[in-house]
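K.L.:
Give me the fold of what follows.
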Amino acid sequence: VQLVESGGGLVQPGESLRLSCVVSGFTFSSYAMSWYRQAPGKERELVAGISSAGGSTNYADSVKGRFTISRDNAKKTVYLQMNSLKPEDTAVYYCYASRGSFRNFWGQGTQVTVSS
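P.N.:
A predicted model of the protein is given here:
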């Protein structure tokens, strides 16, 4: 099982990034997918989630209207489009796959730094 995130980097406030998470080793289309983030000294928090078929999404209040989660089941990839980035969005972003009582999986994380 692998979940490989990419797309992180250093950007200025107000700029955009798109994170990608490509998975292998399990039936991607059967899993809900989420993005979490963890800033230094803080607990890991849910940023956004999307259902297995992509028909339902949810967002943390802090990112609503700025971030968009999407998925391509054919490419086994989940995305996080992040617009109007703020310094407080700085964190390591993790991809997470969940399916009820089945084993759940984490990616290794990608660093996002928003700074002028």
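K.L.:
for this protein, which spans come out with low pLDDT?
P.N.:
Counting by pLDDT under 70, the chain contains no low-confidence residues.
K.L.:
for the residue most central in space within the chain, helix, strand, or coil?
P.N.:
Nearest to the mean C-alpha position of the chain, by CA atoms, centre = their mean, lies Trp35 at 2.8 Å. Classification of Trp35 using DSSP: H, G, I helix; E, B strand; the rest coil returns strand.
K.L.:
again, but for Glu88
P.N.:
Quick answer, by three-state DSSP: Glu88 is helix.
K.L.:
Would you quantify the distance from it to Val112?
P.N.:
According to CB to CB, to the nearest Å, Glu88 stands 11 Å off from Val112. No exception for glycine: its C-beta is placed from N, CA and C like everyone else's.
K.L.:
do the same with Pro13
P.N.:
The gap separating Pro13 from Val112 is 12 Å, by CB to CB.
K.L.:
which of these two has more neighbours?
P.N.:
Val112 (22 against 13; other CB atoms under 10 Å).
K.L.:
What residues are bridge-paired with that one?
P.N.:
For Val112, the beta-bridge partners under DSSP bridges are Gly9, Ala91.
K.L.:
what residues are up against it?
P.N.:
By CB atoms under 8 Å, 6 or more residues apart in numbering, the contact list for Val112 reads 8-9, 11, 17, 19, 37, 82, 85, 89-93.
K.L.:
Return the member of those residues nearest to Ser30.
P.N.:
For these, the minimum distance to Ser30 (CB to CB) is 21.8 Å, reached by Leu19.
K.L.:
and the closest one, how many residues sit next to it?
P.N.:
24.
K.L.:
Point me to the helix or strand that includes it.
P.N.:
Assignment of secondary structure by DSSP states H and E places Leu19 within strand 17-24.
K.L.:
and that strand, how far from the chain's centre?
P.N.:
8 Å (CA atoms, centre = their mean, to the nearest Å).
K.L.:
Report the buried residues of it.
P.N.:
Within strand 17-24, the residues scored as buried using 16 or more other CB atoms under 10 Å are 17, 19-23.
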